[in-house]
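[1] no FASTA, just this:
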Ligand code: NOJ
């Protein structure tokens, strides 16, 4: 990578009163990262360097519009405001209770030299572990609305790198794709977050924060090797429709010296607005079981008839299981009218307040409540948005009346197949990550919040940290989850869950639905490609404040000793620390439960075995713990011996090193119980 010496000129930093500078700089609090904005040569560009080495070379900024001239280059700096910021804020639930927000900010005001002098501001926030920047287009004379046809933001990486990414175009399955690991130069068009390891060993993750009133951004490589923003279009090709003024989401670049360091960053959350819902004490992290995996295994059906899974009797069986083993929720899919026939194509037939006749929702809600359990609602829309929006308020009111506080939503539809009637009365199809859906999800969250309901969206728009602003957005899917192991061809390879923590999980929680104990012999040679111990590790590694114990009750009853870990593990954390890992190879994460003294640690491998010698220095000072270790047996292997697991106990303190072997496709889960 080229060494870059930034000539920090005295004039540029705080005001323009000594004339108009053509560059402005801002550094991270630790001084290692420097971001420069330049208007030199009539080009509006930004660049990023760390330790004086270029990370992003000068890269273009600007827009093309439908209803006015493009805005890039040809601008002058008319104001630079810099400030420092240091605060902490508390999450109602999360990977850690206290989040620290320490950054330096630079707001650059720009004026176009022609076209009547249009104004644009660009706000940068630089943290020790990365940066975000956003465009702010202020209200200005003669402009009442804008249609963005192209955001010209470029990301010109200073050198080639190894990239972990999913393509935007290759599949009908939205973000549910097996990750590719290629050189950066081989990336065509990638969803974010995309994760890079530079030749020098620096880890980068590109994403966006606070995707509100805007379209999702992916990265596209141009024929000349530049990466530029590509916004998901409306049905008619518009990219973003705005009023007189607009703010883009933050374009984020996380920077870390280690792969694990990427996971310890709070940049995405810090760049989102604080909670807008007020008291959210009704949003409850917990664990749930459900009538779900049996449909994916084709043991029962969503639709009515002999195989119908959501019957009163079957639901009682799950409620009894939940009550016996301490699970708080019972998800029931296929409970409502609309699943018969081709439900993927017939989203408009779903009724969100009408149960099938063999599902007595009133009686079941009461049966659950008497046993300290709640039903978890399910609203599959199949992308029929008008149908859902017309009914969702009544649906949420019904759920609230029945004591149902969590709802899993679903948007099963191919890419670009979200159906709606447009303003002109025509049937059109939108994208899962376009502006229409960005707005739809927020409508759902607000309507749900009125009934104290939390939302777990499947086939969602990507996570950009909006759980800070709407804490009832409790989880989502947005990657290949466990279900692919039931019917995917192929299922998830062993490396999948060793890649997710460094890629998709940087965006936020995922409802992966871990905990499958019956790993083999599904239809069409499908199976789960992990050891049983790795299924336990997922509860610590793949963060979600709601975690499913996804397998069938009868399969858990064959391994009650291993089920104990799922019963014990927390889903809400005082602190989380990613300890070690390499992308796709292995990962080790420790988390301390919120409101208690116990720590948990999970580790897992990809295709290869891994010997872990983990310092326990994260444990609390002066406390002795009983380490309850669930690990692979020495002869275990995801392919040939997946059920070989060992459960053992050991006294430890923070001064020790715990040595654990992870077999190929294996894992471990440890509960550290603080001794009184
Ligand atoms: C896809 C979801 O990911 C899955 O969890 C759900 O069971 C089906 N859609 C049906 O809604």
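    Alright, I've got the coordinates. Remember, predicted model here, so these are calculated numbers, not experimental data.
[2] next up, the contacts around the residue of the stretch 151-300 of the chain found nearest the ligand.
    As assessed by CB to the nearest ligand atom, the ligand sits closest to residue 292 within the stretch 151-300 of the chain, at 5.7 Å. Placement of C-beta: from N, CA and C, glycine included. Applying CB atoms under 8 Å, 6 or more residues apart in numbering, we find residue 292 in contact with 331, 333, 513, 548, 550.
[3] need those residues in TSV with distance to residue 425, can you?
    Supplementary listing: the contacts of residue 292 in TSV, determined by distance: CB to CB, whole Å:
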residue	distance to residue 425
331	37
333	33
513	39
548	41
550	42
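[4] and those near the ligand, which?
    Taking CB under 6 Å from any ligand atom, the overlap between the contacts of residue 292 and the neighbourhood of the ligand is residue 333.
[5] how about the contacts of residue 292 in CSV, adding neighbour count and secondary structure?
    What follows is the contacts of residue 292, written out as CSV (neighbours: other CB atoms under 10 Å; DSSP: H, G, I helix; E, B strand; the rest coil):
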residue, neighbour count, secondary structure
331, 23, strand
333, 23, coil
513, 25, coil
548, 28, strand
550, 27, coil
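[6] return the member of the contacts of residue 292 nearest to the ligand.
    For the contacts of residue 292, the residue nearest the ligand by CB to the nearest ligand atom is residue 333; the value is 5.2 Å.
[7] list the contacts of that closest one.
    With contact set as CB under 8 Å, 6+ apart, residue 333 has these partners: 290-292, 295, 302, 309-310, 378, 380, 408.
[8] quick one: it and residue 371, what's the gap?
    When distances are taken as CB to CB, to the nearest Å, residue 333 and residue 371 turn out to be 20 Å apart.
[9] who's whichever residue of the stretch 251-400 of the chain sits closest to the ligand bridged to?
    Of all residues in the stretch 251-400 of the chain, residue 380 sits closest to the ligand, at 3.8 Å by CB to the nearest ligand atom. On the basis of DSSP bridges, residue 380 is bridged to residue 410.
[10] again with residue 207
    Using DSSP bridges, the beta-bridge partners of residue 207 come out as residue 252.
[11] you'd agree it is up against residue 464?
    Yes. Distance between residue 207 and residue 464: 7.2 Å, which falls inside the contact criterion (CB atoms under 8 Å).
[12] shared neighbours, those two?
    When contacts are counted by CB under 8 Å, 6+ apart, residue 207 and residue 464 are jointly contacted by 268, 507.
[13] what are the boundaries of the strands in the stretch 51-200 of the chain?
    Assignment of strands within the stretch 51-200 of the chain using DSSP state E, counting those that start in this stretch yields the ranges 53-60, 63-65, 75-90, 98-112, 119-127, 130-137, 146-151, 154-157, 161-165, 180-183, 189-190, 194-198.
[14] can I get the ones you listed in JSON lines with mean pLDDT and distance to the ligand?
    Conversion of the strands of the stretch 51-200 of the chain to JSON lines gives the following (pLDDT from 0 to 100; distance: least, CB to the nearest ligand atom, whole Å):
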{"stretch": "strand 53-60", "mean pLDDT": "97", "distance to the ligand": "35"}
{"stretch": "strand 63-65", "mean pLDDT": "98", "distance to the ligand": "35"}
{"stretch": "strand 75-90", "mean pLDDT": "97", "distance to the ligand": "31"}
{"stretch": "strand 98-112", "mean pLDDT": "98", "distance to the ligand": "29"}
{"stretch": "strand 119-127", "mean pLDDT": "98", "distance to the ligand": "33"}
{"stretch": "strand 130-137", "mean pLDDT": "98", "distance to the ligand": "30"}
{"stretch": "strand 146-151", "mean pLDDT": "98", "distance to the ligand": "30"}
{"stretch": "strand 154-157", "mean pLDDT": "96", "distance to the ligand": "31"}
{"stretch": "strand 161-165", "mean pLDDT": "98", "distance to the ligand": "22"}
{"stretch": "strand 180-183", "mean pLDDT": "98", "distance to the ligand": "22"}
{"stretch": "strand 189-190", "mean pLDDT": "96", "distance to the ligand": "22"}
{"stretch": "strand 194-198", "mean pLDDT": "98", "distance to the ligand": "23"}
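[15] buried ones in stretch 220-230, by neighbour count?
    The neighbour-count criterion (16 or more other CB atoms under 10 Å) identifies 220-221, 227-230 as the buried residues of stretch 220-230.
[16] if we can go back for a sec, can you pick out the most distant pair from the contacts of residue 333?
    Farthest apart among those by CB to CB are 309 and 408. That separation is 14.7 Å.
[17] more neighbours: these two, which one.
    Regarding residue 309 and residue 408, a neighbour count based on other CB atoms under 10 Å identifies residue 408 as having more, with 28 against 23.
[18] model confidence score at residue 15, please.
    Reading off the per-residue confidence, residue 15 sits at a pLDDT of 38.
[19] swap in residue 6?
    On the pLDDT scale, residue 6 is placed at 38.
[20] spell out which parts of the stretch 351-500 of the chain neighbour the ligand.
    When proximity is defined by CB under 6 Å from any ligand atom, the stretch 351-500 of the chain lies next to the ligand at 380, 410, 412, 458, 477, 483.
[21] ok, 8 Å please
    For the stretch 351-500 of the chain, the residues in contact with the ligand under the definition CB under 8 Å from any ligand atom are 378, 380, 408, 410, 412, 458-459, 477, 481, 483.
[22] can you pick the most crowded of the residues you listed?
    Looking at those with neighbours defined as other CB under 10 Å, the largest count falls to residue 408 at 28 neighbours.
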